[in-house]
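Novice: Make a model of this:
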Amino acid sequence: MASTTLTFKLKVRWWLKFYLAGVVLTARLAHCEPNWARVRYWVGKGIKIEAR
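Specialist: Next up is the predicted model:
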């Protein structure tokens, strides 16, 4: 019986950590909640998962 392996590779874009830091900083300074739908959208754009 042949064994099959599935590996995942997570690629994070270079700008994502700066975006998230900006969101946290703005939320702290403005004392308000960020727009989570917008944050989710950009996190989805910044993370790519490859399956092999």
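Novice: Mean confidence (pLDDT) on stretch 15-31, please.
Specialist: On average, the pLDDT along stretch 15-31 is 96.
Novice: Which residues does that stretch contact?
Specialist: 33-34, 39, 42-43, 46-47 (C-beta atoms under 8 Å, 6 or more residues apart in numbering). Bear in mind the C-beta positions are built from the backbone N, C-alpha and C, glycine included.
Novice: how about 10 Å then?
Specialist: For stretch 15-31, contacts defined as C-beta atoms under 10 Å, 6 or more residues apart in numbering pick out 13, 32-36, 38-39, 42-43, 45-47.
Novice: Export these as a markdown table, with columns for secondary structure, neighbour count and distance to residue 24.
Specialist: Below are the contacts of stretch 15-31 laid out as a markdown table (DSSP: H, G, I helix; E, B strand; the rest coil; neighbours: other C-beta atoms under 10 Å; distance: C-beta to C-beta, whole Å):
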| residue | secondary structure | neighbour count | distance to residue 24 |
| --- | --- | --- | --- |
| 13 | coil | 13 | 18 |
| 32 | coil | 9 | 12 |
| 33 | coil | 7 | 11 |
| 34 | coil | 14 | 8 |
| 35 | coil | 11 | 13 |
| 36 | helix | 9 | 13 |
| 38 | helix | 10 | 14 |
| 39 | helix | 15 | 10 |
| 42 | helix | 15 | 13 |
| 43 | helix | 14 | 13 |
| 45 | helix | 12 | 18 |
| 46 | helix | 16 | 15 |
| 47 | strand | 12 | 17 |
